[in-house]
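Visitor: sequence-free structure coming up:
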């Protein structure tokens, strides 16, 4: 079994809603991401997926818990400062909205080269432009796009530029926060196939956040299911889809559309009656298949 690259332990984060009220977005979430693994996090909107991604990338400071990257506690300010360069170079993130994550005033060439310039990385191919051109071709765009601005590109092309920018640093950890949610279905398929090819080629560890279960089943080695900020099930992909244990996971999987129109019309998705009760025990019900249980059964 591969050694862990990322360990999340008891991660908790809440957002203030006023002087007294708070929204607990993530509630004592723990999981491990191994080297070379693709781990998917799924759940409905508001389940805490994006908050976890931002905590992992130090874009949010969690209220409690630990996040260890290569054994470095990135939530500890002193440890983070001591390892800042390594952490910034080896971890990269791709956001859902490429329109806002790319600087509209910069040309594509400069956008891709920017991380290397910031980290004072010498371009392997001699110049920043040559390196940007290589990364562009790697994600399926030709050199003619290098001098364009993001506003001149389609959504799929912008997302490819965002991927090229992230890969220019040859990261050990890539976090993708719903990277295809805003794209057309045909473009989604292209980007997902690209992710699969790049991960097999580079072997980076990949935390993939999505709400499309078909994409997760295709791409991920293991899947974690989030509900109201809590991790209710974590299992190898095949095991989770074949034998979901938590009632929320079963309800989520039952909502996957069926291609046959007659079967789709007759389908009756399950409904999970939340919220989750307090407490629960994290239990291994099958090899590497964990579920949140209360007493003798699933929460």
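Guide: Ah, there it is. The shown structure was predicted, so the numbers you read here are calculated from the model rather than taken from an experiment.
Visitor: all strands of the chain, in order?
Guide: 4-16, 22-34, 38-42, 64-69, 72-73, 91-94, 173-177, 205-209, 222-227, 230-236, 281-286, 289-294, 297-298 (DSSP state E).
Visitor: Residue 157: which of these is closest?
Guide: Evaluated with Cβ to Cβ, the strands of the chain place strand 91-94 nearest to residue 157, the distance being 14.1 Å. Just so you know, the C-beta spots here come from the backbone N, C-alpha and C atoms, and that holds for glycine as well.
Visitor: That closest one pairs with which strands?
Guide: strand 173-177 (parallel) (DSSP bridges).
Visitor: Name the surrounding residues that touch the partner strand.
Guide: With contacts defined as Cβ atoms under 8 Å, 6 or more residues apart in numbering, strand 173-177 is touched by 5-6, 33, 49-50, 53-54, 56-57, 69, 90-96, 166-167, 195, 199, 204-209.
Visitor: same question for that strand, mean pLDDT?
Guide: Mean pLDDT, strand 173-177: 95.
Visitor: got it, and stretch 196-208?
Guide: 90.
Visitor: ok, now stretch 268-278?
Guide: 81.
Visitor: before we move on, what about stretch 136-150?
Guide: 91.
Visitor: same thing with stretch 115-127?
Guide: 88.
Visitor: Run the chain-centre distance for it.
Guide: Put simply, stretch 115-127 sits 26 Å off its chain's centre (Cα atoms, centre = their mean, to the nearest Å).
Visitor: Dig out what residue 92 forms beta bridges with.
Guide: Beta-bridge partners of residue 92, as defined by DSSP bridges: residue 174.
Visitor: one step back: can you tell me which of the strands of the chain comes nearest to residue 84?
Guide: strand 72-73 (10.4 Å).
Visitor: Tell me the strands beside that closest one, with direction?
Guide: Assessed with DSSP bridges, strand 72-73 is paired to strand 64-69 (antiparallel).
Visitor: got the angle between the partner strand and strand 205-209?
Guide: With axes from the mean of the first three to the mean of the last three Cα atoms, to 10 degrees applied, the angle from strand 64-69 to strand 205-209 works out at 140 degrees.
Visitor: Mind listing what's buried along strand 64-69?
Guide: 65, 67, 68, 69 (16 or more other Cβ atoms under 10 Å).
Visitor: Same check on stretch 214-229?
Guide: Applying 16+ other Cβ under 10 Å to stretch 214-229 flags 215-217, 219-229 as buried.
Visitor: what's around residue 164, how many residues?
Guide: Residue 164 has 24 neighbours, counted by other Cβ atoms under 10 Å.
Visitor: before we move on, back to that, single out whichever of the buried residues of stretch 214-229 has the smallest pLDDT.
Guide: residue 215 (89).
Visitor: just to revisit the earlier point, nearest to residue 172, of the buried residues of stretch 214-229?
Guide: Residue 172 lies nearest to residue 221 out of these, by Cβ to Cβ, at 16.4 Å.
Visitor: For this structure, which segments count as helices?
Guide: For the chain, helices defined by DSSP state H occupy the ranges 49-56, 77-82, 84-90, 98-101, 108-118, 128-138, 155-167, 185-202, 213-219, 237-242, 247-254, 261-266.
Visitor: ok, now which ones touch residue 241?
Guide: Each residue near residue 241 by Cβ under 8 Å, 6+ apart is listed here: 217, 253.
Visitor: Let me see the contact set for the closest residue to residue 196 other than its chain neighbours.
Guide: Distances taken as Cβ to Cβ, 6 or more residues apart in numbering place residue 219 nearest to residue 196, at 5.8 Å, with adjacent residues excluded. Residues near residue 219 by Cβ under 8 Å, 6+ apart: 38, 40, 192, 195, 196, 208.
Visitor: which residues sit in contact with residue 184?
Guide: Going by Cβ under 8 Å, 6+ apart, the list of residues near residue 184 reads 155, 156.
Visitor: distance of it from residue 212?
Guide: 13 Å (Cβ to Cβ, to the nearest Å).
Visitor: repeat for residue 17
Guide: As judged by Cβ to Cβ, residue 17 and residue 212 stand 29 Å apart.
Visitor: Please apply the same query to residue 255.
Guide: To residue 212, residue 255 is 11 Å away according to Cβ to Cβ.
Visitor: Of those two, which one has the most company?
Guide: Neighbour count, other Cβ under 10 Å: between residue 255 and residue 212, residue 212 has more, with 18 against 12.
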